[in-house]
Structure formats: structure tokens, C-alpha cells
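> Provide a 3D model corresponding to the input given below.
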Amino acid sequence: MSNEAPKLYVHKPKKAQLKKHLQQQQQQQQSGSSPSPVSSSSSSMASQSTTVASSSSSVPPVKPKESFARRYRFLWPLLLAVNFSVGAYLFMRTKKKETIEEDVAAAISTLPSAASTAAVGNTSTTPPAVVEPPVKLLEPIPLDQQRELYKWMLEEKRKLQPKDPKEKKRIDEEKAILKQFIRAKSVPSL
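Okay, the predicted model is just below:
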């Protein structure tokens, strides 16, 4: 045997592939050249070294690399789900904007027509008045919920890390005000 360095495979072949490859080589050797009797031992050694060299030089076929899509096939469902979610979000957002715009347009279109019928006697050209939507009055927040809200605000203020002395002083003042609201019998309405 010769002093050849071992061959390193990028993709190591399986045992079954190696066996199949060795069988194919043996079949090629048997069909291609029949063994002839050789009288000298040096020529038989040379033929053995050539067969060893030929078997070591021929490498079994290497499996080609997988394509990008096949290598990252587990990402495709995730990509599709994210894409679908973003599309649904954008669709719903634009649909919500359209309904709001339609409501405002309907409110504006009904009000100027009523104002124009009232001002039929007036021949001067007045621009139509822009009507703002009515402000919804909210129910007052109960006292217990207000105190819980102030407590939560105080906890959040305690978590803050001031960057300079001015900010620390401002945060301390806000915390003091919140403590007064929490301790007071009557809480100012929000």
C-alpha cells in the first residue's frame, strides 16, 4: 500500500452506497480485464498497487446539494402564516377607515342639505359649515378603580431610573402627588 493521506468527504457516503460502488468496480474489473497469470511477483505487486490506487482514486458519486427551498422547507409555513396575518391586518385596517369615512361623509351630506333648505330665503353665498361629530360622554370612573389606577401609576414611577437630578426631582414630585391622591378621602375626578 502507498502512503496516501486519507480522503475527506464533504458529504460522507452511506455504507450501502459504498458497498454498491465497490460491487460496481469489481464487476467492471471482471468484465473489462480477466486476470492473467503473471510469473514474476514484482509485476503482481504492481498490479495490486494499481488496483488499490484506482479504487481509492474513484470516489462514489456525491449527492448534489439540496436547493434553497428544500433546505429551508420548515420556514415556508411560517412565512405563509405571517404573510397571511399581515394581509388580513392591512385589509381590516383599510376597511375600518372606509367605514369611518363613509359615516363622516353621510353626516356631512345630510347636514348641509338641511341648512340649505332653512336658508332658502337668504341669497348670499355662505360656505357650508363643517359639522364635527358629537362628543360621547363617558360614565364617571368609580372611586376604587381610580385609586387602583393611581397605585399602578405610582408603581410604574418607582420602576423608572432617572438619568439626571432634574428628572429624579420631577419623578419624586409626581410620586408625592400620587401618594396624596391615594391617601385622600375624595379623589379628583378624571
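> Check the burial of Ile171 by counting its neighbours.
If you count neighbours by other C-beta atoms under 10 Å, Ile171 ends up with 15. The C-beta positions use only the backbone N, C-alpha and C, and glycine is treated the same way.
> for this protein, what spans make up the helices?
For the chain, applying DSSP state H gives helices covering 15-32, 41-57, 68-71, 75-118, 143-159, 165-183.
> among these, which is nearest Lys136?
helix 75-118 (13.7 Å; C-beta to C-beta).
> Let's see stretch 149-166 as CSV, backbone CA atoms only.
Provided in CSV are the C-alpha atoms of stretch 149-166 (Å, rounded to 0.1, in the frame of the first residue of the first chain):
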residue,chain,number,x,y,z
LEU,A,149,-55.1,53.4,38.7
TYR,A,150,-53.2,55.8,40.9
LYS,A,151,-51.5,52.9,42.7
TRP,A,152,-50.5,51.4,39.4
MET,A,153,-49.1,54.7,38.2
LEU,A,154,-47.1,55.0,41.5
GLU,A,155,-45.6,51.5,40.9
GLU,A,156,-44.6,52.5,37.4
LYS,A,157,-43.0,55.7,38.6
ARG,A,158,-41.0,53.7,41.2
LYS,A,159,-39.6,51.5,38.4
LEU,A,160,-38.2,54.4,36.4
GLN,A,161,-34.5,55.1,36.5
PRO,A,162,-33.8,58.8,36.4
LYS,A,163,-30.9,60.0,34.2
ASP,A,164,-30.1,63.2,35.9
PRO,A,165,-31.0,65.1,39.2
LYS,A,166,-33.7,67.2,37.5
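> What's the mean pLDDT across it?
Mean pLDDT, stretch 149-166: 92.
> Give me the buried positions along that stretch.
With burial defined by 16 or more other C-beta atoms under 10 Å, the residues of stretch 149-166 counted as buried are Leu149, Tyr150, Met153, Leu154.
> Next one: the third one from Gln146, what distance?
Here the criterion is C-beta to C-beta, to the nearest Å. By it, Met153 lies 11 Å from Gln146.
> Quick check: the gap between Leu154 and Ile182.
7 Å.
> Same question for Gln24.
87 Å.
> So between the two, which is more surrounded?
More crowded of Gln24 and Ile182, by other C-beta under 10 Å: Ile182, with 16 against 12.
> quick one: contacts for the more buried one?
Arg147, Tyr150, Lys151, Leu154 (C-beta atoms under 8 Å, 6 or more residues apart in numbering).
> Farthest-apart pair in those, please.
Most distant of the contacts of Ile182, by C-beta to C-beta, are Arg147 and Leu154, 10.4 Å apart.
> Please render the contacts of Ile182 as TSV that adds distance to Leu18 to the earlier fields.
Below are the contacts of Ile182 laid out as TSV (distance: C-beta to C-beta, whole Å):
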residue	distance to Leu18
Arg147	78
Tyr150	76
Lys151	73
Leu154	73
